[in-house]
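*Asks:* Here's a sequence, model it:
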Amino acid sequence: MNELWQSSEREGSMRFALLKRASAVRRIPNPPRPLGDDFKVEFPTGSGKVMTLWKVAGELSRRMTNIFLQDERGHRPVFGNLAQFQTDPHWRDLVLFYE
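*Replies:* Residues are numbered from 1 along each chain as shown. Take a look at the predicted model:
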């Protein structure tokens with residue numbers, strides 16, 4: 001398997017996982033049957049904190065968005081440790097997002 005195919009395959013998996021999660025997040029505020037504010041779930045799992053589904057959807061959306069936003073050092077988590085994408089002025093604001 002050549003490197004181009006492997007890269008494409010990984011990106012497709014990431015894209016599918018991200019879109020699948022986004023679809024689930026959009027569905028949370030409007031569950032199939034009305035559950036109300038009394039229905040709460042533990043989030044994150046194992047934390048002991050409970051939230052309404054509306055708040056869970058907001059937190060998941062914030063987390064997914066933060067993958068692409070710059071942190072206090074100006075780095076984007078989506079670029080990982082790739083110095084060229086993190087520091088080069090020609091690349092650092094080029095956020096690649098494949099649909």
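*Asks:* Going by C-alpha atoms from here, please, whenever you check contacts or count neighbours.
*Replies:* Fine.
*Asks:* what mean pLDDT would you report for the helix or strand harbouring Gln84?
*Replies:* Following DSSP states H and E, one finds Gln84 within helix 83-87. In this model, helix 83-87 has an average pLDDT of 92.
*Asks:* cool, and stretch 39-58?
*Replies:* Here the average pLDDT along stretch 39-58 is 89.
*Asks:* Just list whatever residues bridge to Val41.
*Replies:* Beta-bridge partners of Val41, counted by DSSP bridges, are Met51.
*Asks:* List the residues that contact it.
*Replies:* The contact partners of Val41, by C-alpha atoms under 8 Å, 6 or more residues apart in numbering, come to Val50, Met51, Thr52, Leu53.
*Asks:* let's see it at 10 Å
*Replies:* Gly48, Lys49, Val50, Met51, Thr52, Leu53, Lys55, Val56 (C-alpha atoms under 10 Å, 6 or more residues apart in numbering).
*Asks:* PyMOL command for the buried members of those residues?
*Replies:* To isolate the buried ones among these in PyMOL, judged by 16 or more other C-alpha atoms under 10 Å, type:
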select buried, resi 51+52+53+55+56
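*Asks:* Distance check, Arg76 against Asp88.
*Replies:* 13 Å (C-alpha to C-alpha, to the nearest Å).
*Asks:* Among those two, which residue is more densely surrounded?
*Replies:* Arg76 (20 against 10; other C-alpha atoms under 10 Å).
*Asks:* Quick one: residues contacting the more buried one.
*Replies:* Per C-alpha under 10 Å, 6+ apart, neighbours of Arg76: Asn66, Ile67, Phe68, Leu69, Gln70, Phe85, Gln86, Arg92, Asp93, Val95.
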